[in-house]
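*Asks:* What would the 3D arrangement of this be:
(one chain, ligands or ions: 2)
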Amino acid sequence: MDNAATAARTAPAAVVVGIDGPSGTGKSSTSRAVAAKLGLRYLDTGAQYRAITWWMLANGIDVDDPAAVAAAAGKPDIVSGTDPAAPAITVDGADASGPIRTREVTAAVSAVSAVPAVRTRLTGLQRSIAAAAPVGIVVEGRDIGTTVLPDADLKIFLTASPEARAARRSGELKGKEAVGLAATAAALAKRDAADSGRSTSPLAKAADAVEVDTTELTLEQVIECVVTLIEEKRGA
Ligand SMILES: Nc1ncnc2c1ncn2[C@@H]1O[C@H](COP(=O)(O)OP(=O)(O)O)[C@@H](O)[C@H]1O
Ligand SMILES: Nc1ccn([C@H]2C[C@H](O)[C@@H](COP(=O)(O)OP(=O)(O)O)O2)c(=O)n1
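*Replies:* Ligands and ions are numbered 1, 2, ... in the order given. As a prediction, the model looks like this:
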């Protein structure tokens, strides 16, 4: 048997995994950890929507004017790294990983990501990144299973109670900014409603996605659950 045939027999098959769900359900933490454990690449599509939003704000585009957002959607050059150990994102060559997490970007991102021209551009970018990952990839977002990668090998939809999600996010913000639990819960509910209610590829569970309610699970338990689902798929 030649070397290529031996490698094909021993290397695990590439697997494409889409993980969707609302904010605070554990998508990023789970996706990164699972990708690192299984030697897969990792893509945070929310970071890309945040990056384009940050660029719009920094360039004086009125984010509440869909026509202005659409006209500018092709301008910024967004590059995402896919190493789960060191997720990276640059806009026009500059590191954007810090600025995309500000409260201003969080408040504007749903409006920008509802604009079809923005979605078309980023969906194309996401598909080309996934296609360029021969070992396989875990892609997380809101519309991965329904729109970006409808043929993914495995689709997972994470949920958690609004209370658990707000407590997790509020815990993250503590020390950074004085944001109370009630304000965090209200901001999450507003973003959920906008993301689920937009007409172009809204946040939704794909019909063939496995739903995992993480409310009563530790992060380690969620990671284990997803690793098991992937291993079952690979073994099938
Ligand atoms: N099952 C869990 N139990 C407790 N905390 C969790 C759990 N999953 C994630 N977290 C924490 O909740 C916060 C939000 O998680 P994150 O992965 O960023 O969610 P998402 O990407 O869905 O918005 C993080 O601080 C993370 O460590
Ligand atoms: N595939 C995706 C990913 C994110 N978005 C939009 C909607 C989300 O509110 C924002 C930010 O996503 P992100 O995953 O960073 O949000 P959180 O980490 O949950 O706060 O981007 C989207 O429309 N489609």
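*Asks:* Residues of this protein that sit close to ligand 1?
*Replies:* 21, 23-29, 168, 172, 214, 217-219, 222 (CB under 6 Å from any ligand atom). The way it works is simple: take the backbone N, C-alpha and C, and place the C-beta from them, glycine included.
*Asks:* quick one: buried residues of the one helix or strand T228 maps to?
*Replies:* Using DSSP states H and E, T228 maps to helix 219-235. Using 16 or more other CB atoms under 10 Å as the test for burial, helix 219-235 gives V222, I223, C225, V226, L229, I230.
*Asks:* Could you work out the most separated pair of these?
*Replies:* Spanning the widest gap among the buried residues of helix 219-235 are V222 and I230, at 12.8 Å by CB to CB.
*Asks:* got a list of contacts for the helix or strand where A68 lies?
*Replies:* If you go by DSSP H and E, A68 is part of helix 66-72. Residues outside helix 66-72 that contact it (CB atoms under 8 Å, 6 or more residues apart in numbering): M56, N59, I61, D62, V63, A111, V112, A114, V115, P116, A117, V118.
*Asks:* Pull out the buried positions in that helix.
*Replies:* Buried-residue list, helix 66-72, by 16+ other CB under 10 Å: P66, V69, A72.
*Asks:* So is that helix next to ligand 2?
*Replies:* No. Figure legend: helix 66-72 not in contact with ligand 2 (CB under 6 Å from any ligand atom); closest approach 13.0 Å.
*Asks:* shouldn't V109 be in contact with T53?
*Replies:* Yes. Under the criterion of CB atoms under 8 Å, V109 makes contact with T53 at 4.6 Å.
*Asks:* For this protein, which segments count as helices?
*Replies:* 3-10, 27-38, 45-58, 66-72, 103-113, 116-131, 162-173, 181-197, 219-235 (DSSP state H).
*Asks:* Contact partners for K155?
*Replies:* V17, G18, I19, D20, I144, G145, A206, D208, A209, V210.
*Asks:* Listing request: residues of the chain with sub-threshold pLDDT.
*Replies:* Counting by pLDDT under 70, the chain contains low-confidence ranges at 1-12, 173-179, 236.
*Asks:* Flag every residue of it that's near ligand 2.
*Replies:* By CB under 6 Å from any ligand atom, the residues of the chain that approach ligand 2 are 23, 28, 45-47, 49-50, 109-110, 113, 141-143, 191, 195.
*Asks:* and the gap between P99 and L57?
*Replies:* 9 Å (CB to CB, to the nearest Å).
*Asks:* ok so, going back, out of the helices of the chain, deepest packed?
*Replies:* Of all the helices of the chain, helix 45-58 has the most neighbours on average by mean count of other CB atoms under 10 Å, namely a mean of 23.
*Asks:* what's the angle between it and helix 27-38?
*Replies:* 130 degrees (axes from the mean of the first three to the mean of the last three CA atoms, to 10 degrees).
*Asks:* re the thing from before, now, which of the contacts of K155 lie within strands?
*Replies:* Those of the contacts of K155 mapping onto strands are V17, G18, I19, D20, V210, per DSSP state E.
*Asks:* Just the buried ones among these, please.
*Replies:* V17, G18, I19, D20.
*Asks:* And for the nearest residue to the second one once chain neighbours are set aside, the neighbour number?
*Replies:* Setting aside the residues directly before and after it, G18 is nearest to I144 in space (CB to CB, 6 or more residues apart in numbering), at 3.4 Å. As a burial measure, the neighbour count of I144 was computed by other CB atoms under 10 Å and equals 30.
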